[in-house]
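Trainee: Can you look at this prediction? I've put the sequence above it.
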Amino acid sequence: MPDVSVVIPTHNRQRLLGQAARSALGQVGVEVEVIVVDDGSSDGTADAIACLGDDRVRLIRHPRPLGVAVARNAGAGAARGAWVALLDDDDLWAPDKLRRQLEAASAAEAGWVYAGVVEVDAEGRLLGGGPPPSPEELLAGLRRRNRMPAGSSNVAVRSDLLSASGGFDPHLRHLADWDLWLRLAGLGSPACVPAPLVAYRLHHGQATLDTTGMLAEARALEARHGADRTAILRWVAWSHLRAGHRRAALRAYAGAVLAGDVASLARAAVALLHPRPSTVRRPSRASATEAAWIAAGQRWLDESPGPEPRHRTPEAHG
């Protein structure tokens, strides 16, 4: 039986999926199974998984897209491991990520655990990163905003605890992970590995750029957990600024102002007037801590498997 069941939901990301799956299969010091949930893909995802040629991989296929929360729940429901680790199809893990997380969880007698993160671009080039919040810091600010670095790709949770929490809310798309962290927090404090073990990929297809959907779900979390809707809007706005979408950022900041966050007027002015607004909050030179963190992440990224060539057509199986 595996120690950890890795659940990877996917939809039409065949090329990146293979890289994510190989980073899960390359975990050292821990027995894994990888459950890929193909949520209605039309790009040959099933064939790409078959090409991995590893009997530790299982595929669950939804004939039509049902949403990422449903996909994650389906994978968790099929898990045989004592732990479930979540990995998005566009992110990567260091080879010792799961081993170090299980060790930290055992030492802290915790039922869920996270680690530190570096950010990479669409081609896997390292952009930056820094240490994660401590468990105390994460829990103290969790109702205000989702402080989990890299979201679902970071967290491993004991299977029985995930079941007791109720899993992911299938009615949520963008904030289902945050909703789950808030419910897990009510069941106990997490453990943390303060090392850069996850590579979180920033690209234009991310769900954080869907302002309307994020705002609708923010209202649900505000009613359910007392989450801070204005903080969510500021996060959406910053995501748009990093992607170069000034108008969308302005709309998100305007929503925050209308919700009572007067300080977002100044943020909106920066988004409108600054020649390079996405650089305002980033120092021109990394601190010694940030530089060491980035170097540690780069070491394992240099050894990570690259994406499959775009022109490659997987062989059909079966």
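Mentor: Received it, and whenever you're ready, just let me know what you need. Numbering: from 1, shown residues only.
Trainee: Which positions within stretch 182-189 qualify as buried?
Mentor: 182-185, 189 (16 or more other C-beta atoms under 10 Å). The C-beta positions use only the backbone N, C-alpha and C, and glycine is treated the same way.
Trainee: Stretch 230-250 too?
Mentor: Residues of stretch 230-250 classed as buried by neighbour count (16+ other C-beta under 10 Å): 230-243, 245-246, 248-250.
Trainee: any chance you could map the helices in the stretch 151-300 of the chain?
Mentor: Under the criterion DSSP state H, counting those that start in this stretch, the stretch 151-300 of the chain contains helices at 159-165, 176-185, 211-225, 229-242, 246-258, 264-273, 288-301.
Trainee: Could you check the pLDDT of Ala85?
Mentor: According to the predicted model, the pLDDT of Ala85 comes to 98.
Trainee: I'd assumed it was in a strand, is it?
Mentor: Yes: with the criterion set as DSSP: H, G, I helix; E, B strand; the rest coil, the secondary structure at Ala85 is a strand.
Trainee: Just list whatever residues bridge to it.
Mentor: Taking DSSP bridges as the rule, Ala85 bridges to Val6, Ala156.
Trainee: OK, contacts around it?
Mentor: With contact taken as C-beta atoms under 8 Å, 6 or more residues apart in numbering, Ala85 is in contact with 4-7, 24, 32, 98, 101, 155-157.
Trainee: For it, give its distance to Ala105.
Mentor: Separation of Ala85 from Ala105 (C-beta to C-beta, to the nearest Å) stands at 11 Å.
Trainee: Need the overlap of contacts for the two.
Mentor: In terms of C-beta under 8 Å, 6+ apart, Ala85 and Ala105 are both contacted by the residues Ala156.
Trainee: hmm, back to that, could you provide the helices of the stretch 151-300 of the chain in CSV, with additional columns for distance to Ala115 and mean pLDDT?
Mentor: Conversion of these to CSV gives the following (distance: least, C-beta to C-beta, whole Å; pLDDT from 0 to 100):
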stretch, distance to Ala115, mean pLDDT
helix 159-165, 18, 98
helix 176-185, 14, 96
helix 211-225, 24, 80
helix 229-242, 21, 77
helix 246-258, 29, 80
helix 264-273, 30, 72
helix 288-301, 11, 92
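Trainee: among those, which is nearest Gly18?
Mentor: helix 288-301 (16.3 Å; C-beta to C-beta).
Trainee: Just the residues contacting the closest one, thanks.
Mentor: The contact list for helix 288-301, computed with C-beta under 8 Å, 6+ apart, reads 92, 94-95, 116, 118, 120, 124, 126, 128-131, 195-196, 199, 286.
Trainee: Weed out the non-buried ones from those.
Mentor: Using 16+ other C-beta under 10 Å as the burial test, these include 92, 94-95, 116, 118, 120, 126, 128-131, 195-196, 199, 286 as buried.
Trainee: Out of the residues you listed, list just those in strands.
Mentor: Judged by DSSP state E, the buried ones among the contacts of helix 288-301 include 92, 116, 118, 120, 126, 128-130, 195-196, 199 as members of strands.
Trainee: For the residue positioned nearest the centre of the chain, which residues are in contact?
Mentor: Nearest to the mean C-alpha position of the chain, counting by C-alpha atoms, centre = their mean, stands Gly151 at 3.4 Å. The contact partners of Gly151, by C-beta under 8 Å, 6+ apart, come to 88, 177-178, 200.
Trainee: cool, Asp89 as well?
Mentor: When contacts are counted by C-beta under 8 Å, 6+ apart, Asp89 touches 8-11, 13, 16-17, 20.
Trainee: Distance to Leu138, neighbour count and secondary structure for those - can I get that in JSON lines?
Mentor: Compiled in JSON lines, these are given as follows (distance: C-beta to C-beta, whole Å; neighbours: other C-beta atoms under 10 Å; DSSP: H, G, I helix; E, B strand; the rest coil):
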{"residue": "Ile8", "distance to Leu138": "24", "neighbour count": "25", "secondary structure": "strand"}
{"residue": "Pro9", "distance to Leu138": "23", "neighbour count": "28", "secondary structure": "strand"}
{"residue": "Thr10", "distance to Leu138": "27", "neighbour count": "27", "secondary structure": "strand"}
{"residue": "His11", "distance to Leu138": "29", "neighbour count": "20", "secondary structure": "coil"}
{"residue": "Arg13", "distance to Leu138": "28", "neighbour count": "18", "secondary structure": "coil"}
{"residue": "Leu16", "distance to Leu138": "27", "neighbour count": "21", "secondary structure": "helix"}
{"residue": "Leu17", "distance to Leu138": "29", "neighbour count": "27", "secondary structure": "helix"}
{"residue": "Ala20", "distance to Leu138": "24", "neighbour count": "27", "secondary structure": "helix"}
